[in-house]
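> for reference, the sequence and a predicted model appear below.
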Amino acid sequence: MRTDATEVLDSAIPVLAKDRAASMQVIAKRAGISRATLVRLFPTRQDLVQAMAGKILDDCDRALSRAEADTAPVEDVLAALVAEYPPFAQLWNLVYVEPDVLGVPEASRRADSVFGRTVEFFKRGQNAGLLRNDMPAVWLASTFCGLSETAWELTLEGSMGTRQAPDFIAAILLRGAAA
């Protein structure tokens, strides 16, 4: 039985992403733990959702830092971010839409900071000539998060393999959907 908070969050994030109304009982069951264990770790649903948001934001920060988003060659950063896409999918899927997160100023500030760093990377990509200049960098960053969300959901459903997802994101982001 999982009793580590990080493991529980890793299990709970996809549950809430698929069913925003999931109760603590449903989340616990799908995470493979008892409701009592879940409540011991996260006394309220709001505590759980806010912990999820914190983990997602930490994961995004780590991915951006590992990729050296501010300094490494743009192609390398893009490859690294695409390889580590799930936190960006979760940022888009949960952090920006969940009421228990939106009402927390610190979480909103951190989400804006993570997204701002992502936008700045896409501006670097435009300046380096890798990415289109005729679209705002915020649109490109949003597209990356949206593609990440779609790929993540398709992998959760079993419609796409986990190794396929980064290639899908990169292909659509860099070459579009045109034949």
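Structure's in. What do you need?

> next secondary structure after the worst-scoring helix or strand of the chain on mean pLDDT?
In the chain, no helix or strand scores lower on mean pLDDT, DSSP states H and E than helix 99-102, which sits at a mean of 64. Sequence order places helix 105-127 as the next helix or strand after helix 99-102, per DSSP states H and E.

> show me what that following helix is packed up against.
On a contact count with 3 or more C-beta pairs under 8 Å, 6 or more residues apart in numbering; DSSP states H and E, helix 105-127 meets helix 45-66, helix 74-83, helix 99-102, helix 137-157. The C-beta positions use only the backbone N, C-alpha and C, and glycine is treated the same way.

> mind doing that once more with 7 Å?
On a contact count with 3 or more C-beta pairs under 7 Å, 6 or more residues apart in numbering; DSSP states H and E, helix 105-127 meets helix 45-66, helix 74-83, helix 137-157.

> nearest to G116, of the ones you listed?
Between G116 and the helices and strands packed on helix 105-127, the shortest gap by C-beta to C-beta is with helix 137-157, which sits at 8.9 Å.

> buried residues, the very next helix or strand once past that closest one. List them.
Per DSSP H and E, the first helix or strand lying C-terminal to helix 137-157 is helix 164-175. By 16 or more other C-beta atoms under 10 Å, the buried positions in helix 164-175 come out as 165-166, 168-170, 172-173.

> do stretch 132-151 as well
137, 140-142, 144-151.

> before we move on, what about stretch 56-65?
56-57, 59-60, 63-64.

> any idea which of those is closest to A83?
Distances from A83 to these, taken by C-beta to C-beta, are shortest for A63, at 8.8 Å.

> excluding residues flanking it in the chain, which one is nearest the closest one?
E84 (4.2 Å; C-beta to C-beta, 6 or more residues apart in numbering).

> ok, I172 next?
Closest residue in space to I172, ignoring its immediate chain neighbours: L147 at 5.6 Å, by C-beta to C-beta, 6+ apart.

> now do the contacts for K18.
L156 (C-beta atoms under 7 Å, 6 or more residues apart in numbering).

> so where's the chain shaky on pLDDT?
1-3, 97-103 (pLDDT under 70).

> rerun that using 50 as the cut-off
Within the chain, not a single segment meets pLDDT under 50.

> what's the neighbour count on the closest residue in space to L140 that isn't next to it in sequence?
Residue nearest to L140 in three dimensions, not counting chain neighbours: F122, with 4.2 Å by C-beta to C-beta, 6+ apart. Taking other C-beta atoms under 10 Å as the criterion, the count of residues near F122 is 28.

> hang on, the earlier thing: can I get the buried residues of stretch 132-151 in JSON lines including distance to N127?
Below are these laid out as JSON lines (distance: C-beta to C-beta, whole Å):
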{"residue": "A137", "distance to N127": "9"}
{"residue": "L140", "distance to N127": "12"}
{"residue": "A141", "distance to N127": "14"}
{"residue": "S142", "distance to N127": "19"}
{"residue": "F144", "distance to N127": "17"}
{"residue": "C145", "distance to N127": "20"}
{"residue": "G146", "distance to N127": "23"}
{"residue": "L147", "distance to N127": "22"}
{"residue": "S148", "distance to N127": "23"}
{"residue": "E149", "distance to N127": "26"}
{"residue": "T150", "distance to N127": "27"}
{"residue": "A151", "distance to N127": "26"}
